[in-house]
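Chemist: dropping a prediction and its sequence here:
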Amino acid sequence: MKGNVIVGQSGGPTAAINASLAGVYRTAKDRGANKVYGMLHGIQGLLKEKYIDLSDHIKTELDAELLKRTPAAFLGSCRYKLPEIHENREVYDKIFEILDKLDIEAFIYIGGNDSMDTVSKLSRYGERVGSDIRFIGVPKTIDNDLIETDHTPGFGSAAKYVAATVREIVLDASVYEQKAVTIIELMGRHAGWLTAASVLARKKKEDNPVLIYLPESNFDLENFARDLKQALEKRNCVIVCVSEGISDASGKFICEYGSEASVDNFGHKMLTGCGKVLENFVRNRFGVKVRSVELNVSQRCSGMVVSGTDVEEAALAGMEGVKGALKGETGKMVAFARISNPGEEYRMECRFVDVNQVCNQEKAVPAEWITGDGNDIGEKFIQYALPLIQGEPERIMENGIPKYLYR
Ligand code: F6P
């Protein structure tokens, strides 16, 4: 290749985003890139000319393997939205000036739907000013809410963590002979994919977690009380999994029954706390032992419970991103297409989709995959999600805990 590559990470961390970074780095180097730069804290950092030469940090094959297994975002991340092109051309001129100075041929951005907005805007601006730079998005998000792709890197590992951890919480919560309710709050914002993964914790049908509520269905406190009463009549220990983004029929988030949610830099409400709201409700209404557990960031940054399939696919997405850019693709996102039918051995392949179709959109869990009275998850989801949580990467340990790569 003639020029250099620059890569950035944006949005919430995942356990597999650095595998995509490793995939980008290795492929760019294999294809003859002189320099592979990493933006520090995404496009926001690049605007301040904060970047590194990744070769200063990935010196050996072991470093690349460690990076692949390191959770969070090695380069640092941002939640920053570029202004509309017509509103502020100077920002774009500045970015292109920096990219030209670094002799960039391919710009790879690893992120979710808001981050794809950056790829969309930069590729459109590049076309307008006749730039040769190729702009490619590599998907990532534990929320699994990107459209035009079967699933997103990061989801499989988070789903595996949720399934494994919920199963362990069920074991813990079942030890006493008394009525008890445990409410587990899971991430995912407005999409219930990750909460749905809690169904994978069941050992058999009608096992805990017996109640699962996603943001795709309206949440009603009285219906919840009815469901819970029925569940407590049948068993002592009831585990309820709820998505952080559940809301009532008026659109009010349950977490805001406590106090109003704050807003992040992408303009999203920070949805956290519905588990506590429900814990208080259950305590007051039922008078049973009740506890809420918020898995919080542990569900997206575990290096111990990771899906091998997810990590390999994340690396593949990074690799395909670079390959595509070198073939001339721009304004595209790498997407996963499942080419196996249900019941067959899982197989997927990468494709390129128009990033403009993907950005700023959210993919919800299909209504027909949500069963019961909006309080359970059906077989179709299980068939969809099971292949994504399979396999364990070989661990690299140090003093009894995972060894990672640090900047
Ligand atoms: O981007 C995914 C996500 O993990 C959401 O599920 C969650 O609501 C949000 O990020 C939290 O993000 P932050 O890191 O900004 O607190």
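Modeler: Done, it's in. Numbers count the residues shown, from 1 in each chain.

Chemist: C-alpha coordinates for the host helix or strand of Leu21, CSV please?
Modeler: Using DSSP states H and E, Leu21 sits within helix 17-30. Output of helix 17-30 as CSV, limited to C-alpha atoms (Å, rounded to 0.1, in the frame of the first residue of the first chain):
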residue,chain,number,x,y,z
ILE,A,17,-12.9,-4.0,20.5
ASN,A,18,-9.2,-4.4,20.9
ALA,A,19,-9.3,-7.6,18.9
SER,A,20,-10.6,-5.5,16.0
LEU,A,21,-7.7,-3.1,16.6
ALA,A,22,-5.3,-6.0,16.5
GLY,A,23,-6.9,-7.1,13.3
VAL,A,24,-6.5,-3.7,11.7
TYR,A,25,-2.9,-3.4,12.9
ARG,A,26,-1.8,-6.8,11.7
THR,A,27,-3.5,-6.5,8.3
ALA,A,28,-2.2,-3.0,7.6
LYS,A,29,1.3,-4.1,8.5
ASP,A,30,1.0,-7.3,6.4
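
Chemist: any idea which helix or strand comes after that helix?
Modeler: Later in the chain than helix 17-30, the nearest helix or strand by DSSP H and E is strand 36-39.

Chemist: what is the neighbour count of Glu392?
Modeler: Residues near Glu392, counting by other CB atoms under 10 Å, number 13. Backbone N, C-alpha and C define where each C-beta goes, glycine included.

Chemist: the chain should start at 27 in everything you say after this.
Modeler: Renumbered: residue one is now 27, and that last one reads Glu418.

Chemist: could you pull out the helices for the stretch 277-426 of the chain?
Modeler: All helices of the stretch 277-426 of the chain, identified by DSSP state H, counting those that start in this stretch, fall at 300-312, 324-327, 334-353, 381-384, 405-411.

Chemist: and the ones you listed, which is most packed in?
Modeler: helix 334-353 (a mean of 24; mean count of other CB atoms under 10 Å).

Chemist: for that helix, which helices and strands make contact with it?
Modeler: Applying 3 or more CB pairs under 8 Å, 6 or more residues apart in numbering; DSSP states H and E, we find helix 334-353 packed against strand 30-35, helix 43-56, helix 87-95, strand 130-137, strand 160-165, helix 181-199, strand 358-364, strand 374-380.

Chemist: same question for that helix, mean pLDDT?
Modeler: The pLDDT scores in helix 334-353 average 98.

Chemist: could you check the angle it makes with strand 160-165?
Modeler: Helix 334-353 and strand 160-165 are oriented at 170 degrees to each other (axes from the mean of the first three to the mean of the last three CA atoms, to 10 degrees).

Chemist: which residues touch the closest residue to the ligand within the stretch 27-176 of the chain?
Modeler: Closest approach of the stretch 27-176 of the chain to the ligand (CB to the nearest ligand atom) occurs at Gly38, with a separation of 2.7 Å. Counting by CB atoms under 8 Å, 6 or more residues apart in numbering, Gly38 touches Ser103, Gly138, Thr167, Ile168, Asp169, Arg326.

Chemist: do the same with Glu418
Modeler: For Glu418, the contact set (CB under 8 Å, 6+ apart) comprises Val332, Ser333, Gly334.

Chemist: need the residues of the chain near the ligand, please.
Modeler: 37-38, 105, 138, 167-169, 213-215, 270, 290, 297, 326 (CB under 6 Å from any ligand atom).

Chemist: dump those residues to TSV, plus pLDDT and secondary structure.
Modeler: TSV is the format used below for the residues of the chain next to the ligand (pLDDT from 0 to 100; DSSP: H, G, I helix; E, B strand; the rest coil):
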residue	pLDDT	secondary structure
Gly37	97	coil
Gly38	97	coil
Arg105	96	coil
Gly138	96	coil
Thr167	98	coil
Ile168	98	coil
Asp169	98	coil
Met213	98	coil
Gly214	98	coil
Arg215	95	coil
Glu270	98	coil
Asp290	79	coil
Leu297	87	coil
Arg326	97	helix
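
Chemist: whichever of those residues end up buried, select them in PyMOL.
Modeler: Entered in PyMOL, the line below selects the buried ones among the residues of the chain next to the ligand, by 16 or more other CB atoms under 10 Å:
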select buried, resi 37+38+105+138+167+168+169+213+214+215+270+297+326
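
Chemist: for the residues of the chain next to the ligand, which one is nearest Gly400?
Modeler: Among these, Gly214 lies closest to Gly400 (CB to CB), at 15.8 Å.

Chemist: contact partners for that closest one?
Modeler: Shown here is Gly214, whose contacts under the criterion CB under 8 Å, 6+ apart are Ile168, Asp169, Asn170, Asp171, Leu220, Thr221, Pro241, Ser269, Glu270, Gly271.

Chemist: may I have the beta-bridge partners of Phe362?
Modeler: Phe362 forms beta bridges with Cys376, as assigned by DSSP bridges.

Chemist: residues in contact with it?
Modeler: Residues near Phe362 by CB under 8 Å, 6+ apart: Pro165, Thr175, Asp176, His177, Thr178, Glu339, Ala343, Met374, Glu375, Cys376, Arg377.

Chemist: and these, which are buried?
Modeler: Neighbour-count burial (16+ other CB under 10 Å) applied to the contacts of Phe362 gives Pro165, Thr175, His177, Thr178, Glu339, Ala343, Met374, Cys376.

Chemist: dump these into JSON lines; add distance to His112 as well.
Modeler: Formatted as JSON lines, those follow (distance: CB to CB, whole Å):
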{"residue": "Pro165", "distance to His112": "27"}
{"residue": "Thr175", "distance to His112": "29"}
{"residue": "His177", "distance to His112": "35"}
{"residue": "Thr178", "distance to His112": "30"}
{"residue": "Glu339", "distance to His112": "37"}
{"residue": "Ala343", "distance to His112": "32"}
{"residue": "Met374", "distance to His112": "38"}
{"residue": "Cys376", "distance to His112": "33"}
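
Chemist: which one of the helices of the stretch 277-426 of the chain lies nearest to Lys94?
Modeler: Lys94 sits nearest to helix 334-353 of all the helices of the stretch 277-426 of the chain, at 6.1 Å, using CB to CB.

Chemist: tilt between that closest one and strand 130-137?
Modeler: Orientation note: helix 334-353 sits at an angle of 150 degrees relative to strand 130-137 (the same axes, to 10 degrees).

Chemist: convert the C-alpha atoms of helix 334-353 to CSV, please.
Modeler: What follows is helix 334-353, C-alpha atoms only, in CSV (Å, rounded to 0.1, in the frame of the first residue of the first chain):
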residue,chain,number,x,y,z
GLY,A,334,-13.8,-17.1,21.5
THR,A,335,-16.1,-16.7,18.5
ASP,A,336,-16.7,-13.1,19.3
VAL,A,337,-13.0,-12.3,19.7
GLU,A,338,-12.1,-14.0,16.4
GLU,A,339,-15.0,-12.3,14.5
ALA,A,340,-13.9,-8.9,16.0
ALA,A,341,-10.4,-9.5,14.7
LEU,A,342,-11.8,-10.5,11.3
ALA,A,343,-13.9,-7.4,11.1
GLY,A,344,-10.8,-5.2,11.6
MET,A,345,-8.9,-7.2,9.0
GLU,A,346,-11.7,-7.0,6.5
GLY,A,347,-12.0,-3.2,7.1
VAL,A,348,-8.4,-2.7,6.0
LYS,A,349,-8.7,-5.1,3.1
GLY,A,350,-11.8,-3.3,1.9
ALA,A,351,-10.3,0.2,2.2
LEU,A,352,-7.3,-1.0,0.1
LYS,A,353,-9.7,-2.3,-2.5
